[in-house]
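Trainee: Show me the folded form of this:
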Amino acid sequence: MTLLEALDEYMTYLYSERGISLKTGDSYQVDLNQYLSFQKNISIVDIPRDSLLAFQSFLTKSGNSQNTIKRKCVVINGLFSYLKQNGHEVKLAEIRPIKVEKRLPTCLTVDEVKKILDVIPIQSETGLLDHLLFFTAFSLGLRVSELISLRTDRIFLEGSYCKVFGKRRKERLLPMSQELKMEYQMYLKGYRSKIKENPLYVFVHQDGRLLSRQYVFLKLKEYAKEAKIEKEISPHTLRHSFATSLLEQGAKLKEVQVLLGHEDIMTTEIYTHLTHQKEQEEYKKHFPR
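Mentor: Next up, the predicted model:
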């Protein structure tokens, strides 16, 4: 079996049995094709034992970041693990993943979020739209894709919760505060009731068009600048801030995992590092050496 044939078989396996998405598959294909170009289309039994180490060195000299190199090598390791498990003779030695220092995500304090919300002019209809948009993002910890696709038939005001479908169509029920509930009541009876287009979606422009990711990004930047927030932020920062705020208030990690819709609790653990970092900063502020 040649390396190209092995790549094709592996990709078929990933799509048919592992059920990976087209986006993930495209990313895998790019990494595998780069390795194919590096190693050439030889028989898999002829691939040198140190091939992955040589590929890693090539990527480093080509200026790739450590995160990128780690991802590519994990993908290639996955290919050869699959081949070994299916009885193919492979003498390639797997290499240990590169240890990459985790970068903590940017996070806003509750006061900083409040400053952003306070500069939004809710007296205007578009201001009411924007205020509810970002209040929802922070109060529920939504991803941007979940935010702009939020539906009116999944807002349950009587029960004070909303239903969200995240990655892999995984459903989660999110509780709404009394303040958020009241703002939804005002928004749906006012601004939203006047727009007949796209009735199933919560957030729409006055002409009925759905909001785009770019709109959310640019508007948040605009309001953050007006609120004199100097941190480099994005809509996802509000999700980070939601999670960190919950942990600071004593929420359990498992509870935060459920609310965020994370499949693996290891993904949620990054926020414990943020809370520890804040504690250290407060300590140094009040107890300087």
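
Trainee: Could you pull up the residues touching residue 91?
Mentor: Counting by Cβ atoms under 8 Å, 6 or more residues apart in numbering, residue 91 makes contact with 45, 47, 49. Yep, even glycine has a C-beta here, placed from its N, CA and C like the rest.

Trainee: Show the contacting residues for the second one.
Mentor: Remark: with contacts taken as Cβ under 8 Å, 6+ apart, residue 47 is in contact with 3, 39, 90-92.

Trainee: the strands in the stretch 101-250 of the chain, which residues?
Mentor: 155-156, 161-165, 171-175 (DSSP state E, counting those that start in this stretch).

Trainee: Ramachandran coordinates for residue 229?
Mentor: Dihedral pair for residue 229: phi -90, psi 120, per degrees, to the nearest 10.

Trainee: per-residue confidence for the nearest residue to it once chain neighbours are set aside?
Mentor: Closest residue in space to residue 229, ignoring its immediate chain neighbours: residue 112 at 5.7 Å, by Cβ to Cβ, 6 or more residues apart in numbering. Residue 112 carries a pLDDT value of 96.

Trainee: I'd say residue 112 and residue 228 touch.
Mentor: No - with contact defined as Cβ atoms under 8 Å, residue 112 and residue 228 do not form a contacting pair (9.7 Å).

Trainee: These two: which is more packed in?
Mentor: More neighbours surround residue 112 than the other of residue 112 and residue 228, with 19 against 10 (other Cβ atoms under 10 Å).

Trainee: Roughly how far does the more buried one sit from residue 234?
Mentor: As judged by Cβ to Cβ, to the nearest Å, residue 112 and residue 234 stand 14 Å apart.

Trainee: what do you get for residue 105?
Mentor: Counting by Cβ to Cβ, the gap from residue 105 to residue 234 is 10 Å.

Trainee: again with residue 178
Mentor: Counting by Cβ to Cβ - residue 178 and residue 234 are separated by 28 Å.

Trainee: quick one on the thing from earlier: from the contacts of residue 91, which is closest to residue 118?
Mentor: Closest to residue 118 out of the contacts of residue 91 is residue 47 (60.7 Å), distances taken as Cβ to Cβ.

Trainee: What part of the chain, helix or strand, is modelled with the least confidence?
Mentor: helix 270-286 (a mean of 53; mean pLDDT, DSSP states H and E).

Trainee: on that earlier part again, redo the strands of the stretch 101-250 of the chain as JSON lines? Include distance to residue 125, mean pLDDT and mean neighbour count.
Mentor: Shown next, in JSON lines, are the strands of the stretch 101-250 of the chain (distance: least, Cβ to Cβ, whole Å; pLDDT from 0 to 100; neighbours: other Cβ atoms under 10 Å):
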{"stretch": "strand 155-156", "distance to residue 125": "19", "mean pLDDT": "96", "mean neighbour count": "16"}
{"stretch": "strand 161-165", "distance to residue 125": "22", "mean pLDDT": "95", "mean neighbour count": "18"}
{"stretch": "strand 171-175", "distance to residue 125": "25", "mean pLDDT": "95", "mean neighbour count": "14"}
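
Trainee: Looking at the ones you listed, spot the one closest to residue 193.
Mentor: Checking these against residue 193 by Cβ to Cβ gives strand 155-156 as the closest, at 13.5 Å.

Trainee: for that closest one, the distance to its chain's centre please.
Mentor: Distance of strand 155-156 from the chain centroid (Cα atoms, centre = their mean, to the nearest Å) equals 24 Å.

Trainee: and it, what other elements does it pack with?
Mentor: Under the contact criterion of 3 or more Cβ pairs under 8 Å, 6 or more residues apart in numbering; DSSP states H and E, strand 155-156 touches strand 161-165.

Trainee: helices or strands up against the strand it packs on?
Mentor: strand 155-156, strand 171-175.
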